[in-house]
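1. Sharing a model that was predicted from the sequence below.
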Amino acid sequence: MKVGLIGQGGHSRVIKDIFLAAKGIEIIAYFDDRFEEEFIQSGVFYGPISAISSFVSTQQDMKFVIAIGNNHIRKKIAERLELSEERYAIAIHPSAIISNSAKVGFGTVVMPYAVINANTIIGNHSIINTGSVVEHDNKINAFSHISPNVTLTGGVEVEEGVHIGAGATVIPNKKIGGWTTVGAGATVIHDLPANCRAVGIPAKVKINETIGGGTA
């Protein structure tokens, strides 16, 4: 399979390593608006995001991954490109453990040593980061980011665009509203509303704080 990565920062480098660890996958292009001009280096294409249109029309079997950690930016790029979901690859590191009954959406990335257990649903363009544990019957909606060493216990629902910071824990059957950020190391024991930031043990919503890109 031929793949193009959209974005060339640190998150992109990790996804590159995932594909290098897999078999039969070749990264043939990087797209990032930091590139003002198109060029080829060591047989790999580099160019702005606008160059994707030519690859879509000429490389029918090529797939893409939006290799950017920021949830808001990933969604904006997906909306800008308007590609069918089947044009996006799913990147799963060989060391990840995923139940046969779990479903992983298009464009989603599952990092090394992550665990996704029975009947869990992961939406499109999400990130399940290194060493995170997503237990049974979770529902994680699109454009979410589950950071390294997060533990989501059974029956948790994560709405669109949520960012859960490194090492956080969510107890069973809790719901986290869309585009909320849970701070690193927090323990969520209550449902959380949308568009807020929650930190601490137990996690509490910080009042009068505007949510930005979410880098907890």
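-> Yep, it's here.
2. Next one, pLDDT for Ala22 please.
-> With respect to pLDDT, Ala22 scores 88.
3. Can you name the residues that contact it?
-> By Cβ atoms under 8 Å, 6 or more residues apart in numbering, the contact set of Ala22 is 92-94. Yep, even glycine has a C-beta here, placed from its N, CA and C like the rest.
4. In CSV, list those residues along with pLDDT, neighbour count and secondary structure.
-> Below are those laid out as CSV (pLDDT from 0 to 100; neighbours: other Cβ atoms under 10 Å; DSSP: H, G, I helix; E, B strand; the rest coil):
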residue, pLDDT, neighbour count, secondary structure
Ile92, 97, 20, strand
His93, 97, 20, coil
Pro94, 96, 9, coil
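5. Identify, from the residues you listed, the entry nearest to Gly107.
-> Distances from Gly107 to the contacts of Ala22, taken as Cβ to Cβ, are shortest for Ile92 (12.1 Å).
6. for the contacts of Ala22, which one is nearest Asn173?
-> Of all the contacts of Ala22, Ile92 has the smallest distance to Asn173: 26.7 Å, by Cβ to Cβ.
7. how much space between the closest residue to the closest one other than its chain neighbours and Gly167?
-> Leaving aside its sequence neighbours, Ile92 sits nearest to Val110 (Cβ to Cβ, 6 or more residues apart in numbering; 4.4 Å). Separation of Val110 from Gly167 (Cβ to Cβ, to the nearest Å): 18 Å.
8. Comparing the two, which residue is more hemmed in?
-> When neighbours are counted by other Cβ atoms under 10 Å, Val110 and Gly167 differ, and Val110 comes out ahead with 28 against 17.
9. Bridging across strands, which residues link to the residue nearest the centre of the chain?
-> For the chain, Ile127 is the residue whose C-alpha lies nearest the centre (Cα atoms, centre = their mean; 2.3 Å). Beta-bridge partners for Ile127, by DSSP bridges, are Val109, His145.
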